[in-house]
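S.K.: Need the 3D shape of this:
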Amino acid sequence: MRRFLLTCACLLLPLAARAQEAQGPCFDKAQTQLDLNDCAGKQYKEADAELNRVYKAILEKYKGDPLFIDKLRAAQRAWLAYRDAEIAAKYPHADEPRYYGSIFPMCDSLYRAQLTQERTRKLREWLDGGEEGDACGGSVEVR
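M.R.: This is a model prediction of the structure:
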């Protein structure tokens, strides 16, 4: 019995972690898995829109440095390839209907949102600027 309970607890931990990522009024009102999938899709779209806004703001701020712009574009293309490969590694059977169950669209969207939010935080360094005296700031302008 103890082994059974321990196994159940271990299986539920990832679901609890996933539920923590799914936050906001949309998730609070969701009644079905379809509703949750829709909320997660919206969360990803919002994260993607924010990423694009930050990226465009960086391009505008640094438009006077064409070499940096070329390097940033290359880095962003590489990040997109990384994101897609990361998702494919996490869900290698995504093309197989029902492999991951009805929760898959939610999990996929939440993971995409997480990766996108992490990239947005990284890109914000160029908008927020670096600390005065940071000798390793590179192309990040000082605040």
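
S.K.: by contact count, what packs against whichever helix or strand Y55 is part of?
M.R.: Using DSSP states H and E, Y55 maps to helix 33-61. Counting by 3 or more Cβ pairs under 8 Å, 6 or more residues apart in numbering; DSSP states H and E, the packing neighbours recorded for helix 33-61 are helix 25-29, helix 66-90, helix 104-128. The C-beta positions use only the backbone N, C-alpha and C, and glycine is treated the same way.

S.K.: can you rerun that using 6 Å?
M.R.: helix 104-128 (3 or more Cβ pairs under 6 Å, 6 or more residues apart in numbering; DSSP states H and E).

S.K.: quick one: the helix it packs on to helix 33-61, angle?
M.R.: Orientation of helix 104-128 against helix 33-61 (axes from the mean of the first three to the mean of the last three Cα atoms, to 10 degrees) gives an angle of 20 degrees.

S.K.: what's helix 104-128 packed up against?
M.R.: Using 3+ Cβ pairs under 6 Å, 6+ apart: helix 104-128 touches helix 33-61.
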